[in-house]
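# Below is the sequence, then the predicted model.
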Amino acid sequence: MSLEIPTVKTDRLILRAPREEDFETVAEFAESPRTEYIGGPQDRFGAWRGLLAQLGHWALRGYGMWMIESKETGEAIGRTGVIRHDGWPEPELGWVIFEGQEGKGYAREAAEAARLYAAEEWGFTRLISQIHPENGRSISLALRLGAVQEEEAELLGEPCLIFRHPDPRGAEDAA
């Protein structure tokens, strides 16, 4: 089976397919307390399943989460993209930045690129982001991206705030 995952480039980043050589970085992140709002921490096997699920989402839905690679270092520094797992109300724009890469604007740059690609290529013009109410950093980023909180909900037994993103092409009425 061949899986074609598009590559998206920004000034500083490359959004690309996950690779097996990303696994050690992914496993380290998955085991950290930083994953508390996204179903973790997880052991190495859970991280492996997560990496495979990332590829499987692309295979089944035709879209998914990219690895974020730094053009400067060639390192995988996070993930961003669009997911819609079983039970999700609609496609979601998500992001995560790995340890030591926060505060550099990478999450915003990557999420903006993913959001624009999703609108232009897949027709996802008004994505949501589901964020745990205690995840202040992600809430702040959603707001900086122009998203507006629509409702309080529950996701996988946890409270969640649903933020609605504007159409990144500026065509608010094109939903």
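Looks like it came in fine.
# Please count neighbours and contacts with C-alpha atoms only from this point.
OK.
# and the gap between Gly78 and Ile68?
Using CA to CA, to the nearest Å, we find Gly78 at a distance of 5 Å from Ile68.
# swap in Gly100?
On the measure of CA to CA, Gly100 and Ile68 end up 14 Å apart.
# what do you get for Gly62?
For Gly62 relative to Ile68 (CA to CA), the value is 18 Å.
# same check, this time on Gly81
10 Å.
# The two: which has the busier surroundings?
Ile68 (31 against 25; other CA atoms under 10 Å).
# lowest confidence element among the helices and strands of this protein?
helix 23-30 (a mean of 89; mean pLDDT, DSSP states H and E).
# next helix or strand past that helix?
Toward the C-terminus, helix 23-30 is succeeded by helix 44-61 as the next helix or strand (DSSP states H and E).
# can you list contacts of that next one?
3, 5, 17-18, 23, 26-27, 30-31, 63-65, 83 (CA atoms under 8 Å, 6 or more residues apart in numbering).
# same question, stretch 144-152
With contact meaning CA under 8 Å, 6+ apart, stretch 144-152 is reached by Arg108, Glu112, Ala142, Pro159, Cys160, Leu161, Ile162, Phe163, Arg164, His165, Pro166.
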